[in-house]
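# Sharing a sequence plus its predicted fold:
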Amino acid sequence: MERLHPDTLTRALPAVDRPHYDRDALRIGIVHLGLGAFARAHLAPVNEAAMIDQGDWRWGICGVSLRQPDTRDALAPQDGLYTLAIRDADASGAKRERLAIIGTLCETLVAPEDPALILARIAAPDTRIVSLTVTEKGYCHHPATGALNADHPGIVHDLAHPNAPRSIVGFIVYGLQQRHAAQATPLTLMSLDNLPSNGTLLRGLVLDFAGRVDTDLQAWIAATCTFPCSMVDRIVPRTTDDDRKAISRAIGLDDAWPVLGEPFLDWVIEDDFAAGRPDWSVAGARFVTHATPYELLKLRMVNGTHSALAYLSVLAGWRTVDQAIAQPAMRRYIGALMRDEIAPTLPALDGLDLAQYAERLLARFANPALHHQTRQIAMDGSQKLPQRLLGTIRERLRNGLPIDGLALAVAAWLAYLQGRDEAHEAYPISDPLADALQVEVAAAMAAGEVAHDPAHRDEAYAAHLIGYRPVFGDLSGNDNFVKAVAAQLKQLRTIGVAATLAARGTTMAI
Ligand code: CS2
């Protein structure tokens, strides 16, 4: 099969949408750090639609991978072209797929191969936006506080190597330093990661690091560059080899790295751009003054329940989100978690019907065409729990409200950290704090075993792990929290996931 490439594009099968504009006219206006599947399924198609709508070709994307060359190796021979497959099922349950070849990616780079080139791209006068999807752990911050982790190996390295940084904070600050020295035109730094007040967080990290490099630079960044906060939402599972083959067959050309996603897309972003922007609203983005309420909504409802479902499902051996949500007891639990515990903590948003939002979310989780792996969502729990679940818990505890459903999600994470599911199958724990967590889990298990009264075993285990401040912060010493989590851990340990969920259903029905 011929490779997908601008020269073969005319031979793609007719059902596939493709760029009809002159790609040679594209200029790089956006440098995107973290060229994962999410950005290729969210930012890129929205950006392309806006460029086409406005006939403004200054917003081509230079995509940067921060570690591995695999995305570049797949996409450079295709001149940045790749397929986006939007998948779901119709009312009868029959799977369907909409295919589009996306052309907005002009360049793909690999940061470790040539860090100086990345700095030059950030400093280039045509670059107006640096966007980021580097996942929670890419920020080199303390998840519990949001402060820069000055002991992070990437940060320590970057303070000593201004010409060859590794961390995103290092790249941004040294890129801005070159920009400041060359022409001093401002830039927008746009985080698209699942972190609360992601722009404000990024600003704090960048200014902290810049202050350690040069205080004039720090002052210039603070005065001229902007860091809009945003909420992004689209479920984008990892592409498998089977997906690659099926999508290549469907487009009639060999695509080495297509991406897939659900039809749903949401993007709310603060309209605070230092050097202009495309009008992404033509493809579903909403520009607002304050994104925080939308971020809270999304992080707590979508990601909070996603993580709750993922840890329980990994323990129970349910591989995909649709498989898990098809179990009536799981669906009831996730629905109740949203309605009874999460929704009441959310600020009111004009025109938003939370019950409808929850229903639609359950339908998104049930999408049978995505095969979204629960083990994928379970990754990096130490970085995800604080903003997805612990904020909601803190708020409810402060107001004296029950947290049973949220405690079950935390208990599932603590049980998941033991690395074996209910059928004793081992799975890898992928987490930047995995080593430290391993030590804590061993100590917590030992604490559980020496507890005098077996009834206190789960409490001793929970108390030890909740004492781990990098994740739990000020919740560490909270007795009510420990007790609530211990009660759920006991259920999980004694009767297992399915019965724990089923028992919740019964209690609720009474
Ligand atoms: C998921 C998210 O993997 C995960 O942690 O919860 O990637 C989720 O699919 C997206 O945030 C949905 O917008």
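Structure's in. What do you need? Because the structure is a prediction, the values reported are computed rather than measured.
# quick one, phi psi at the residue in the stretch 1-150 of the chain that the ligand sits nearest to?
Taking Cβ to the nearest ligand atom, the ligand has its nearest neighbour within the stretch 1-150 of the chain at Phe38, 6.8 Å off. C-beta: built from backbone N, CA, C; applies to glycine. Dihedral pair for Phe38: phi -60, psi -50, per degrees, to the nearest 10.
# Get me the contact residues on the stretch 251-400 of the chain for the ligand.
302-303, 306, 376-377, 384 (Cβ under 6 Å from any ligand atom).
# could those residues be laid out in TSV, adding secondary structure, neighbour count and pLDDT?
Formatted as TSV, these follow (DSSP: H, G, I helix; E, B strand; the rest coil; neighbours: other Cβ atoms under 10 Å; pLDDT from 0 to 100):
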residue	secondary structure	neighbour count	pLDDT
Val302	helix	21	98
Asn303	helix	17	98
His306	helix	22	98
Gln376	helix	13	97
Ile377	helix	22	98
Lys384	helix	28	96
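# Could you pull out the helices in the stretch 101-250 of the chain for me?
Here the stretch 101-250 of the chain has its helices, by DSSP state H, counting those that start in this stretch, at 115-123, 153-160, 168-182, 198-213, 215-224, 241-251.
# Give me the helices and strands touching the last one, please.
Spelled out, it's helix 241-251. Helix 241-251 sits against strand 82-89, strand 95-102, with contacts defined as 3 or more Cβ pairs under 8 Å, 6 or more residues apart in numbering; DSSP states H and E.
# Okay, angle between the last one and strand 82-89 too, please.
So that's strand 95-102. Per axes from the mean of the first three to the mean of the last three Cα atoms, to 10 degrees, the angle that strand 95-102 makes with strand 82-89 is 160 degrees.
# Report all helices and strands that strand 95-102 contacts.
helix 43-54, strand 82-89, helix 241-251.
# What residues sit buried inside it?
99-102 (16 or more other Cβ atoms under 10 Å).
# if we can go back for a sec, now, of the helices of the stretch 101-250 of the chain, which is deepest in the fold?
helix 168-182 (a mean of 23; mean count of other Cβ atoms under 10 Å).
# just checking, what packs against it?
Against helix 168-182 (3+ Cβ pairs under 8 Å, 6+ apart) you get strand 28-33, helix 115-123, strand 129-132, helix 153-160, helix 198-213, helix 215-224.
# got JSON lines for the helices and strands packed on helix 241-251, with distance to Leu346 and mean pLDDT too?
Shown next, in JSON lines, are the helices and strands packed on helix 241-251 (distance: least, Cβ to Cβ, whole Å; pLDDT from 0 to 100):
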{"stretch": "strand 82-89", "distance to Leu346": "26", "mean pLDDT": "98"}
{"stretch": "strand 95-102", "distance to Leu346": "32", "mean pLDDT": "97"}
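# contacting residues around Arg244?
By Cβ atoms under 8 Å, 6 or more residues apart in numbering, Arg244 lies in contact with 255-258.
# Over to Ile403?
If you count contacts by Cβ under 8 Å, 6+ apart, then Ile403 has 341, 393, 396-397, 481, 484 around it.
# any idea how far Asp474 is from it?
Distance of Ile403 to Asp474, computed by Cβ to Cβ, to the nearest Å: 15 Å.
# same thing with Ser65?
To Asp474, Ser65 is 36 Å away according to Cβ to Cβ.
# Spatially nearest residue to the residue most central in space within the chain, not counting backbone neighbours?
The centroid of the chain falls nearest to Asn194 when counting by Cα atoms, centre = their mean (4.6 Å). Distances taken as Cβ to Cβ, 6 or more residues apart in numbering put Asn303 closest to Asn194, at 5.6 Å, once the chain neighbours are dropped.
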